[in-house]
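I'd like to go over a predicted model; first the sequence, then the structure.
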Amino acid sequence: MLFQIVRFYLLLPALIGLLSGLLVLAFVLTIHLVIALVLKGVLGFKVPSPPGLTRPFSFEVESVLPFFFLPAVVLVGVVLAEVLILLFAKEAQGMSADTVIQAYHRRLRLSFKTSVVKLLASALVIGSGGTAGRLAPSALIGSGVADSISRLFRLSPSERRVFIAVGFGAGLSAVLKAPLAGAIMSAEIFFKRDFEAQALLPSFVASVVSYSVFGSVYGFDPLFRVSTPPFSEMKVSHLFLFIGLALFCTLGVKAFVLLFSKTRDFTNRILKDPLTRVSLGALVSGFMGLVSPMAVAGGLGWVQTLLDGEHLSPMFLLLSMLAVAVGVSFLIGSGGSGGVFGPSLLLGALVGALYGVLAENFTEVHLPSLVVVGMTSFLAGVVNAPLSNIILVSEITGGYELLVPSMVSVFITYILTSKETVFPSQVDTRLESPSHQNDLGMFILEKLKVGDYMSDPITVRPDDSLKRAKKLMEENMIGGLPVVSGSYLVGIITKSDIMGLSEAQLEKLRVYEAMTREVFVITPENTLAQALNLMVSKGVGRLPVVEKRGSRTLVGIIARADIGRAIRENITSKS
């Protein structure tokens, strides 16, 4: 027992964290290599990096093509990535986070191969300039590792489900350099209004390990460099500024989710071939990169330029918001490999910057604070993960000065946008999760009594003909009938007992000559869970209900259909 606890909460999470950290490290290094070779080497375009992800590769070479060839370069990268996915891991296609959510709810199989293929495909898409993020692919990499480990150690479906969430948090924690936020998001991301609490403790272990592995190469400084005023200098009136930011973010989230959903539906409806579909998305993404450089290669480095007070022209901010939103909607919405987490953070930063620039005309503002809180509020609204984004503010700034403002802004944005989501597979609560139905159903059945759901029995007497018994079973579409003498249960007759008999035999033979005398029974005081377990263990579809234990007085019948009705009624009433 102790070993099982240690294995579940420590050993396996640590292994998931170690492998996830190594693969995410390889993923980010590969992105930087492709960016250096393609965007800088071919187009001569420099993509800024966040301070916490300083690019290790630098090439001083003459560019081969002018920058307006960007759409063609993105097209080549996206098509190569899609071919790689179609050949080796079709489950890695499309939105990374939604793939993990499908694996969690609907038992879609992931694997170590999924992680490696996603690593290479997303690196090609991002490194060639596509408007896609590296955060969600990192989370998918972690979940693929976790699913492989779950199968290797032959874990139960419920344990596998938990470890998919653990892997998600491990991958995200490494690339965000935010272990606490990543661990909490692993419990939030699968639901709009619920929480996978069982994943939290193992996620803490896995996230710390993956963060440590990644930080051993990229350092342990926060992702962004930002100076925020001490919380003691904040006035109550400043909170109203962040309430206004929340409303601003709410409008942005609603517009972005609507654009993304409509674009995804449109491209999937008109283009059935996946290569043609992603080609369209790649071209649109590339052209959006010509509209604004912030739409190129995920753009997280551009957040730092906003924090540093650069590129704050309202027109440039508006154009960049439009370019990033359209670029990611077409690229990821059409099935391109990448994620929406990174672009959502950038969109939130742009919304916060624009709000700050406009607010400066009326009051004194600290623009970097609005950029950071806008970033996390926007992401919380897009992915329905408020708690992790409140924590994320502290981890990406290295302090707690913005904790209260972020609580105010994130809470308002989430409340006003919780019905929207960019993830088709995300559900409201565990009640709607297919993977939780077995757990939830058995929990419900443990509380319900057989006597409340049993039906009036349709019976036959021992001296009735088998023809009459067969007719009753056919008319009522049931597989068996209790055999009673008065109200005393003497046996049961089923379709299998009379199978193969001729019409003459059915007319001649009596029920007592073919019935089974050994009958499995249940009482009204037993739970539906006990009834279902007995049915499964004995291979029967219905059980006679007797008055009490040891009695043979028949009072009802309970069938699998009655148990299913009980589950449906109680799930509906609870939701």
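Everything's here; your move. The shown structure was predicted, so the numbers you read here are calculated from the model rather than taken from an experiment. Numbering: from 1, shown residues only.

what residue is smack in the middle of the protein?
Taking C-alpha atoms, centre = their mean, the centroid of the chain lies closest to Ile101, which sits 2.5 Å from it.

now the nearest residue to that residue once chain neighbours are set aside: which helix or strand?
Excluding the flanking residues, the one nearest Ile101 by C-beta to C-beta, 6 or more residues apart in numbering is Ser425, at 4.2 Å. C-beta coordinates here come from the backbone N, C-alpha and C atoms, glycine included. For Ser425, there is no helix or strand it lies in under DSSP states H and E.

touching, Ser425 and Met95? I think so.
No - applying C-beta atoms under 8 Å as the test, Ser425 and Met95 come out as separate, 9.0 Å apart.

for the residue nearest to Leu39 when sequence neighbours are not counted, the count of nearby residues, please.
Closest residue to Leu39 apart from its sequence neighbours, by C-beta to C-beta, 6+ apart: Phe45 at 4.7 Å. The number of residues packed near Phe45 is 19, by other C-beta atoms under 10 Å.

what about Phe45, which SS state?
Assigned with DSSP: H, G, I helix; E, B strand; the rest coil, Phe45 falls in the coil class.

before we move on, back to that, Ser425 and Met95: which is more packed in?
Higher neighbour count among Ser425 and Met95: Met95, with 27 against 19, using other C-beta under 10 Å.

residues in contact with the more buried one?
The neighbours of Met95, taking C-beta atoms under 8 Å, 6 or more residues apart in numbering as the test, are Ala136, Ile332, Gly339, Val340, Val422, Phe423.

domains for this structure, by residue range?
Annotated domains of the chain cover 2-428, 437-574 [automatic domain parsing].

pick out the shakiest of the ones you listed, pLDDT-wise.
Looking over these, mean pLDDT reaches its minimum on domain 437-574, with a mean of 86.

where does Pro482 fall, phi/psi-wise?
Main-chain dihedrals, Pro482, degrees, to the nearest 10: phi -70, psi 140.

which strands and helices lie in contact with whatever helix or strand the residue nearest to the centre of the chain lives in?
According to DSSP H and E, Ile101 maps onto helix 96-106. Secondary-structure packing of helix 96-106 (3 or more C-beta pairs under 8 Å, 6 or more residues apart in numbering; DSSP states H and E): helix 135-152, helix 157-176.

so for Thr263, which of those sits nearest?
Among those, helix 135-152 comes nearest to Thr263, with 17.3 Å by C-beta to C-beta.

contacts only, for the closest residue in space to Leu367 that isn't next to it in sequence.
Nearest residue to Leu367, sequence neighbours excluded (C-beta to C-beta, 6+ apart): Gly356, at 4.1 Å. Neighbour list for Gly356: Val365, Leu367, Leu370, Val371 [criterion: C-beta under 8 Å, 6+ apart].

let's see which of these end up in helices.
Leu367, Leu370, Val371 (DSSP state H).

between those residues, which is nearest Val217?
The nearest one, if we look at these relative to Val217 and count by C-beta to C-beta, is Val371, at 27.2 Å.

what about the helices in the stretch 451-575 of the chain?
Ranges of helices within the stretch 451-575 of the chain are 466-476, 495-498, 503-508, 528-538, 560-574, based on DSSP state H, counting those that start in this stretch.

list the contacts of the shortest one.
Applying C-beta under 8 Å, 6+ apart, the external contacts of helix 495-498 come out as Leu466, Ala469, Lys470, Met473, Gly479, Gly480, Leu506, Ala514, Met515, Thr516.

what's the spacing between stretch 145-156 and its chain's center?
18 Å (C-alpha atoms, centre = their mean, to the nearest Å).

same question, stretch 401-409
26 Å.

for stretch 64-80, same thing?
In this view, stretch 64-80 has its centroid 31 Å away from the chain centroid, taken as C-alpha atoms, centre = their mean.

returning to that earlier point: and the residue nearest to Leu367, what element?
Using DSSP H and E, Gly356 falls in helix 341-359.

and the angle from that helix to helix 96-106?
120 degrees (axes from the mean of the first three to the mean of the last three C-alpha atoms, to 10 degrees).

so what's the spatially most distant residue from the centre of the chain closest to, chain neighbours aside?
In the chain, the residue that sits farthest from the middle, by C-alpha atoms, centre = their mean, is Lys508; the gap is 62.1 Å. Residue nearest to Lys508 in three dimensions, not counting chain neighbours: Ser465, with 7.7 Å by C-beta to C-beta, 6+ apart.

pretty sure that neighbour sits against Ala504.
No - using C-beta under 8 Å, Ser465 is not in contact with Ala504, being 11.3 Å away.

contacting residues for the residue nearest to Leu39?
Contacts of Phe45 (C-beta under 8 Å, 6+ apart): Leu39, Ser63, Phe67, Leu70, Gly129, Pro293, Val296.

neighbour-wise, which one of these leads?
Within these, most neighbours by other C-beta under 10 Å means Gly129, with 33 neighbours.

okay, and that one sits in which element?
Using DSSP H and E, no helix or strand contains Gly129.

now swap in Ile390 and tell me
Per DSSP H and E: Ile390 is located in helix 386-397.

relative to helix 341-359, how tilted is that helix?
80 degrees.

return the list of helices and strands in contact with whichever helix or strand comes after helix 386-397.
Tracing the chain C-terminally past helix 386-397 and defining elements by DSSP H and E, one meets helix 403-417 next. With contacts taken as 3+ C-beta pairs under 8 Å, 6+ apart, helix 403-417 sits against helix 236-270, helix 367-383, helix 386-397.

neighbour-wise, which one of the contacts of Gly356 leads?
Highest neighbour count within these: Leu370, with 30 neighbours (other C-beta under 10 Å).

gap between that one and Val427?
Going from Leu370 to Val427 by C-beta to C-beta, to the nearest Å gives 33 Å.

again, but for Gly94
Gly94 is 18 Å from Val427, where distance means C-beta to C-beta.

since that was my last question, I'll sign off now.
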